[in-house]
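A.B. asks: After the sequence you'll find the predicted model.
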Amino acid sequence: METTVFLAVSCLLFNFAEQSRIPSYIKVCKRSDPKLNDCIINSIETLRPYLLKGIPDLDVPSIEPLTLPEILVAQGAGIKAVGKNIDIYGPGSFVIRKLNVDLENYQVDISVDLPYLTFDGAYEVSGRLLVLPLKGKGPVKANATDCKGDVVLYAQLMKKADGSYLQFNNIDMKITIGGYHVRLDNLFNGDKFLGEATNAALNENPKELIAYLKPIVEKTVKDIIQKIANKITQHFTVQELLPDD
């Protein structure tokens, strides 16, 4: 989910930049365009093939797969779970349901769908999740279906010697996940019986597990989006990003 929102924000920012400062494959939208939101959505669709492979010149990573070196899945209340070198497949199939830009208040509202995501990497977990004891380290495979995100990004102006820059300082987010399946290998030092029983239990109560992890997932996603968005905006002044005409 964080990938899709990042892509939309990235395209929004680059669309506002001056034509001479951006590559030819990025469609520029005018601030005065009465259908600005539609223009930006169309620009994102034009850019999709490049996003799949990544755009090094713009510091945009490949989204097929999107690789996360490390992510804190859960911590606190007697549990710590970390994912490492996680490859995420499926972000490139994002669907933008709604996009709205408030130019006066520097606010962006984005609603996106991700039909199907798969995750492949490594995990390390120790503790108790809900009533389920977990301990292990090894490969993890998972998928998530019908993922939806509604995100609002808020920015403020930061003045520097060469002009004013946008800085995203707050993000509101609501994420829903329709369903999931997860498998953790090598639980309890490879105990096959305990491992199979635990994996079955993890997948038997999806609503409870999603509700438990949702606040942690939302915070993690917000931190990633904010970091990437600010990395982009530091390269352009507000006048470059939001030209008068």
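C.D. replies: Arrived safely.
A.B. asks: Sketch out the low-pLDDT regions of the protein for me.
C.D. replies: Residues of the chain that meet the criterion pLDDT under 70 lie in 1-23, 26, 240-245.
A.B. asks: That one: helices as residue ranges?
C.D. replies: 2-16, 36-53, 192-204, 206-233, 238-241 (DSSP state H).
A.B. asks: orientation of the longest one relative to helix 192-204 in degrees?
C.D. replies: Angle, helix 206-233 to helix 192-204, by axes from the mean of the first three to the mean of the last three Cα atoms, to 10 degrees: 80 degrees.
A.B. asks: May I see the buried residues of helix 206-233?
C.D. replies: Across helix 206-233, burial judged by 16 or more other Cβ atoms under 10 Å covers 206, 209-210, 212-213, 216-218, 220-222, 224-226, 228-230, 232-233. (Each C-beta comes from the backbone N, C-alpha and C, glycine too.)
A.B. asks: Please name every helix or strand in contact with the lengthiest strand in the chain.
C.D. replies: Of all the segments of type strand in the chain, defined by DSSP state E, the longest one is strand 132-160. Judged by 3 or more Cβ pairs under 8 Å, 6 or more residues apart in numbering; DSSP states H and E, the packing partners of strand 132-160 are helix 2-16, strand 79-89, strand 107-129, strand 163-184, helix 192-204, helix 206-233.
A.B. asks: Kindly recompute the last result at 10 Å.
C.D. replies: On a contact count with 3 or more Cβ pairs under 10 Å, 6 or more residues apart in numbering; DSSP states H and E, strand 132-160 meets helix 2-16, strand 79-89, strand 95-102, strand 107-129, strand 163-184, helix 192-204, helix 206-233, helix 238-241.
A.B. asks: chain center to the longest one: distance?
C.D. replies: When C-alpha coordinates are averaged (Cα atoms, centre = their mean, to the nearest Å), helix 206-233 and its chain have centres 7 Å apart.
A.B. asks: For residue 110, give its distance to residue 82.
C.D. replies: Distance of residue 110 to residue 82, given as Cβ to Cβ, to the nearest Å: 28 Å.
A.B. asks: more crowded one of the two?
C.D. replies: residue 110 (23 against 16; other Cβ atoms under 10 Å).
A.B. asks: Please name the bridge partners of residue 175.
C.D. replies: Beta-bridge partners recorded for residue 175 (DSSP bridges): residue 149.
A.B. asks: That one against residue 146, yeah?
C.D. replies: No. Counting by Cβ atoms under 10 Å, residue 175 stays clear of residue 146, with 11.4 Å between them.
A.B. asks: which one of these two has more residues nearby?
C.D. replies: residue 175 (18 against 13).
A.B. asks: what residues are up against the more buried one?
C.D. replies: When contacts are counted by Cβ atoms under 10 Å, 6 or more residues apart in numbering, residue 175 touches 1-2, 147-151, 210, 214-215, 217-218, 221-222.
A.B. asks: please redo it, this time with the cut-off set to 8 Å
C.D. replies: Contact analysis of residue 175 by Cβ atoms under 8 Å, 6 or more residues apart in numbering lists 1, 147-149, 214, 217-218, 221.
A.B. asks: ok, it to residue 222 distance?
C.D. replies: As judged by Cβ to Cβ, residue 175 and residue 222 stand 10 Å apart.
A.B. asks: try residue 143
C.D. replies: In terms of Cβ to Cβ, residue 143 sits 23 Å off from residue 222.
A.B. asks: what do you get for residue 45?
C.D. replies: 25 Å.
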